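*Asks:* take a look and give me a structure for this.
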Amino acid sequence: MKTFALAVALAGLALAGACGGGGDRTGGSGAAPETATASPSSGAVVFNDADVAFAQGMIPHHRQAIEMAALAEQQGGDEVRELAARIEQVQEPEIRTLADRLREWGADVPAEASPGTGADGMGHSGMDHSGTGEGMVPDERMGELADAHGADFDRMFLESMVEHHEGAVAMAEAELAGGVHPETRELARSVIGTQRAEIDQMVRLLGP
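*Replies:* Alright, predicted model coming up:
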C-alpha cells in the first residue's frame, strides 16, 4: 500500500513538472512589451509601434519631397535640378520599401490623395499636405512654389527643402531611439546620412 501511494505521488510530481516546464522557452516571462508585436511564425519580436509610426510618417513625407523635386526639374536651375533628381532616385525606392514593410506587418499604408483634392482646394497637385509630419510644407507654400520660376524658385525650393529634410532627420532619429526592427533602423540611419549631406549642399547653394 505504501509502495502504491509513493508511486502515485511521484507520478503527480512528474506531471506537474511537465506542465510547468514548457511555458517559456525563451527564458523570459513570456510577456512582450506593450508596444511590441511578435512574428506569428517564430514568436520573436520583430517590430513595434515606433517602427510602424516611422514608416507611416515617412511615406507621405517622402512623397511631398518627390513632388517638390518634380517641380524643380521643370522650373529650377541646373544645380537645383540635379539635386532634385537625386532626391527622387533615393526616396522613391525608400517609399516602396516602407510600404512593403507595412503590408508585411499588417499595418495601413498611407494613401495618396486624389488629384485636385489638396488641402487648400487649389488643385495644384495630387497630394494632401495637411499631415502633421515634421517639416511638411504647407499647401499655401506649395502653391507659391508651383508658381515660382528662376532664382525665386531656386531660393524658395532650397529653403523649403532644408526644413523638410530637417524634419525627416528628426523622424529618423526618433526611429533609432524607439524602433526595434533592424532593417527599418538601418533605413533610418541612411535617411540621416543622406539628408544631412543634402542639407549641407542646399545651405551652400543658398549662400550667405
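
*Asks:* report how many residues lie close to I66.
*Replies:* The tally of other residues near I66 (other Cβ atoms under 10 Å) stands at 16. All C-beta spots, glycine's among them, are computed from the backbone N, C-alpha and C.

*Asks:* remind me which residues of the protein are low pLDDT?
*Replies:* 1-45, 113-132 (pLDDT under 70).

*Asks:* for it, what spans make up the strands?
*Replies:* Taking DSSP state E, the strands of the chain run over residues 36-38, 45-48.

*Asks:* what's next to stretch 80-98, contact-wise?
*Replies:* Residues from elsewhere that reach stretch 80-98, judged by Cβ atoms under 8 Å, 6 or more residues apart in numbering: 55, 58-59, 62-63, 65-66, 68-70, 72-73, 76, 153-154, 157-158, 161, 184, 187, 190-191, 194, 198, 201-202, 205.

*Asks:* looking at those, which are in helices?
*Replies:* 55, 58-59, 62-63, 65-66, 68-70, 72-73, 153-154, 157-158, 161, 184, 187, 190-191, 194, 198, 201-202, 205 (DSSP state H).

*Asks:* quick one, what contacts I66?
*Replies:* I87, E88, Q91, E92, I95.

*Asks:* ah, wrong one, I meant L158
*Replies:* Taking Cβ under 8 Å, 6+ apart as the criterion, L158 is in contact with V80, M202, L205, L206.

*Asks:* which one among the residues you listed gets closest to E104?
*Replies:* E104 lies nearest to M202 out of those, by Cβ to Cβ, at 34.0 Å.

*Asks:* how much space between that closest one and W105?
*Replies:* M202 sits 33 Å away from W105, going by Cβ to Cβ, to the nearest Å.
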